[in-house]
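Participant: build me a model from this:
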Amino acid sequence: MLPSSASKLNSPITLINPAIQPGQICRDGCSLWSGATSFNGIANNFAVTLAIAFGVSTAALADPCKAIPDKGSMPAFLRPGSTFSGPVTYVGDGDSLCVAVGPSQADWVEVRVSDFYAPELNAPGGQEAKAVLERIAKGRRVECRALRKSYDRAVARCVLQGRSLGDLMRAEEVREGGNGR
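Facilitator: Next up is the predicted model:
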């Protein structure tokens with residue numbers, strides 16, 4: 001049952017792919033939802049789901065991506081060369097984001113975009129880079145190929161509608177200049 005605040009919505013929150021059950025992890029190209037439509041929710045994710053669906057900022061969340069442990073090895077489904085996909089649920093800065101491969105934050109993969117080096121948030125152009133990446137990718141489905149682990153995130157090349165996120169950022173004339181350069 002959805003919280004009472006959900007009854008004010010004009011459209012219900014529904015699971016698009018009936019083959020995927022709530023709580024099941026979606027890997028290797030499957031999708032729980034498309035566009036800004038969300039999944040039939042787990043109560044503690046309801047507010048985050050609404051924020052994604054309606055484009056509300058989730059700036060209050062600190063690193064909500066939890067699929068990769070802070071310490072220890074990378075989950076097997078994120079080994080180098082593997083692919084994963086899902087909607088972008090959170091943008092941390094101009095070159096890092098979360099990709100939901102399942103319905104809970106425990107299934108959100110933190111990704112360091114491999115082909116773009118945005119300025120740090122506190123550097124000139126950093127906030128602009130984050131805003132552009134949010135506009136380009138947030139709430140949209142990306143397909144990623146894992147390259148390696150870096151801290152608690154996967155370094156991956158992610159593609160949105162056939163174009164890499166790095167190429168899309170450069171097309172928006174976002175300047176590069178982060179610590180990776």
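Participant: give me the residues contacting the longest helix along the chain.
Facilitator: The longest helix of the chain (DSSP state H) is helix 126-137. Residues from elsewhere that reach helix 126-137 (Cβ atoms under 8 Å, 6 or more residues apart in numbering): 88, 91-95, 97, 118-121, 158, 160, 165, 168-169, 172, 174-175. Just so you know, the C-beta spots here come from the backbone N, C-alpha and C atoms, and that holds for glycine as well.
Participant: one more: stretch 64-71?
Facilitator: For stretch 64-71, contacts defined as Cβ under 8 Å, 6+ apart pick out 48, 58, 74-75, 78, 89-90, 98, 101, 105-110, 149, 151-154.
Participant: quick one: the one helix or strand Ser85 maps to to helix 126-137, angle?
Facilitator: Per DSSP states H and E: Ser85 is located in strand 83-93. Computed by axes from the mean of the first three to the mean of the last three Cα atoms, to 10 degrees, the angle separating strand 83-93 from helix 126-137 equals 140 degrees.
Participant: circling back to that earlier point, now the buried members of the contacts of helix 126-137.
Facilitator: Burial by neighbour count, judged by 16 or more other Cβ atoms under 10 Å, picks out 88, 91-95, 97, 118-120, 158, 160, 165, 168-169, 174-175 from those.
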